[in-house]
Every structure is written in C-alpha cells, then in structure tokens.
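Enquirer: can you look at this prediction? I've put the sequence above it.
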Amino acid sequence: MKQILYLQPVLRERLWGGTRLSEFRYSLPSDHVGECWGVSAYPDSCCVVKNGIYAGRRLDDLWREEPALFGRTEDTQDFPLLIKIIDAHDDLSIQVHPDDEYARIHENGACGKTECWYVLDAEPGATIVIGHHAKNKAELAQMIRDGRFRDLIREVPVKAGDFFQIEPGTVHAIKAGTIVLETQESSDVTYRLYDYDRLQNGHKRPLHIEQSIDVIRTPFEPKEIRPVTCSMPAAKLTKYFDCRFYTVYKLDVDGSADVPLSGMFHTMSVIEGEGYLDGSRVEKGDHLVLAADYGSMHAVGRFTAIVTRV
Ligand code: ZN
C-alpha cells in the first residue's frame, strides 16, 4: 500500500525553548518554542494528517480505526512512538524516566520511557548530560540529598551526528545550544532530579527526588553505539540503534534511489534538503508515516531523513 501520510506537527512552548525550530519551516507562536512533536498520537498533542483521503484525521483515531494502514496486530494498544525535534536554547532540567514496570505500578498503569537522540546541531563547546558518577545506590542517594549535583552528573561533549540511547533509569539532560531529534516510547512520565535552582513565575519547578533515587540505575554504564551503513545506488541507509521499542535509521538520498520498506509502518522525519518520494514532494521539517508493506520507495533529490520502525 503506497500511502504516505503527512503529519501536522504540534509545537510546544518551553521555559528553555528558543526560535531555531523556524529553521525547519515551522511558524513559531513565540520566541520560547522548545519542542516540535512531529509524529505524535499522545492525547493532548496528537498530530493530524494533512493530505489525501485521511486529511483532517487524528493519528490516534487512525491507529485505532485503520489497523491495516499501520500493519498493526491485535495486541498493540496505543500508537507506540513519539518523535520530537527539540531546540534547547537553555539547559533542560536533569531528569530520569522509569521503566515500564515501575511506571505501571507507581504511575497508574502508564508506560515507562526508553528514548534516543540524534544530534542535529550543536554549538561549539556544547555538552549533554548522560549518566552519573555514583558507584552505588547509597552513594547516589547521599550525593542527591547533599545537593552535590555538579559532582554527580556525567557531562559529555556533543556534536552534530552523535547518537545516544537513553535507557530507563539513565540520568540525562539536553543542554543549551543543541538541537536533537528524539525518538521515544509514547509516554510522558518524567522525574525531575535537578533544575539548576531556576525560577518559573517566581517558583522553582517541583522535583521528584524519591522517585529519581528509586529508578536511577547504578553504576552508570554507557551504551555503545555502532552505526552500520548499507550503501545502495544514490542512497545510504545507516542503522543507529535497535531495541524492542524502535529501530532508528538515517537515510541519505543523493540522486534517484530505490529503498525497500517492508513490514509494519515506517516514520520519516526530513532533517535536511528536499526531494520526492514516489512523486510526493518532501522537504526539511516534514514528518511522514509510510504505510505498512510499502514496498520499494522511489526517492529522488538530495535530502537526509531519520527513519524509524517499530
Ligand atoms: Zn527524557
């Protein structure tokens, strides 16, 4: 079924957001836009289809009512992915997500969150937080209770093209000057560990210290990323990471290429350039769903996209 759904992204204003999402051709409601939810069936920020026979339909409704479009099997409940572009004009709070089991018990049956970042741009000297330096739970709890966050967190340099997998229980934060494309389980359960003592409307935002201590895994072990590139005429497909929630690829097209897409639906977020997919125009900032059993995709032009499948 050669069906391409173009999604209308949902923009979210954030304390730490900026204006750089305009580089993806979005018209911003303010100078504090932090997130573009490009592929989302999350209830209060659900994308709507822009084109074709499904124009005006919400992604969550389509997922329920048109299972064949997605290759959905009976046992999958909610749309499984959430894909965002994040512009960190300022530092994001340092946070951690629970795993599915902890979230089910402590968050009313919600999902945990596994996520990953593909770095789209980073200013010289930019860093991110991933992991911590505590040797065990007792040391972790002590450092947190003593407020020794600067000693606790593990901060690493970051540049465009880097990829990070963030398992549940991993302390993490995107810091100022970085734009990432984030692929994650469709969930919003976040425990805030440290917010740099910032004020929002005169108040500090609430922290979730006890939950954070519960779910942070010790010691931290960095996840090794080994991208594997498969070259084909006029295109390259690089697989970054594979886990039980998603597989994330980068597709580079330069010319006229045929790319096989089989199985369940794929999502595609165009991060650079422009071209055509089976005659449909695509440009930087587009977020698409390619229907299940798409078959061979004919791609023409010069563009780069992050492609995800479940
Ligand atoms: Zn997160």
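Expert: Nice, thanks for sending it over. Quick caveat, the model's predicted, so the values are computed rather than measured. Numbers count the residues shown, from 1 in each chain.
Enquirer: C-alpha from now on. contacts and neighbour counts both.
Expert: OK.
Enquirer: look up how far Asp78 lies from the closest residue to Ala305 other than its chain neighbours.
Expert: Leaving out its chain neighbours, the residue that sits closest to Ala305 by CA to CA, 6 or more residues apart in numbering is Val270, at 4.1 Å. Spatial separation of Val270 from Asp78 under the definition CA to CA, to the nearest Å is 24 Å.
Enquirer: what do you get for Gly38?
Expert: Counting by CA to CA, the gap from Gly38 to Asp78 is 17 Å.
Enquirer: which one's more surrounded, those two?
Expert: Neighbour totals were compared for Gly38 and Asp78, and Gly38 leads with 28 against 12 (other CA atoms under 10 Å).
Enquirer: any chance you could map the strands in the stretch 201-310 of the chain?
Expert: Taking DSSP state E, counting those that start in this stretch as the criterion, the stretch 201-310 of the chain carries its strands at 228-232, 235-242, 247-261, 266-277, 280-283, 287-290, 295-309.
Enquirer: I'd like these laid out as a markdown table, including mean neighbour count, mean pLDDT and distance to Glu13.
Expert: Output for the strands of the stretch 201-310 of the chain, formatted as a markdown table (neighbours: other CA atoms under 10 Å; pLDDT from 0 to 100; distance: least, CA to CA, whole Å):
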| stretch | mean neighbour count | mean pLDDT | distance to Glu13 |
| --- | --- | --- | --- |
| strand 228-232 | 12 | 96 | 35 |
| strand 235-242 | 19 | 96 | 29 |
| strand 247-261 | 19 | 97 | 26 |
| strand 266-277 | 21 | 98 | 20 |
| strand 280-283 | 16 | 98 | 24 |
| strand 287-290 | 24 | 98 | 19 |
| strand 295-309 | 20 | 97 | 23 |
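Enquirer: may I see those strands organised as CSV, with distance to Arg57 added?
Expert: Formatted as CSV, the entries for those read as follows, by distance: least, CA to CA, whole Å:
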stretch, distance to Arg57
strand 228-232, 35
strand 235-242, 30
strand 247-261, 24
strand 266-277, 17
strand 280-283, 19
strand 287-290, 13
strand 295-309, 21
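Enquirer: nearest to Asp90, out of the ones you listed?
Expert: When the strands of the stretch 201-310 of the chain are compared by CA to CA, strand 266-277 sits nearest Asp90, at 21.6 Å.
Enquirer: convert the closest one to CSV, retaining C-alpha atoms only.
Expert: Written as CSV, here are the backbone C-alpha positions of strand 266-277 (Å, rounded to 0.1, in the frame of the first residue of the first chain):
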residue,chain,number,x,y,z
HIS,A,266,7.8,3.5,9.0
THR,A,267,8.0,7.1,10.1
MET,A,268,10.2,9.6,8.3
SER,A,269,11.4,13.0,9.5
VAL,A,270,13.2,15.0,6.9
ILE,A,271,16.1,16.8,8.6
GLU,A,272,17.9,18.3,5.6
GLY,A,273,17.3,19.0,1.9
GLU,A,274,14.4,18.3,-0.3
GLY,A,275,13.2,15.8,-2.9
TYR,A,276,10.4,13.5,-3.9
LEU,A,277,9.1,10.2,-2.5
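Enquirer: that's all I had, so thanks and see you.
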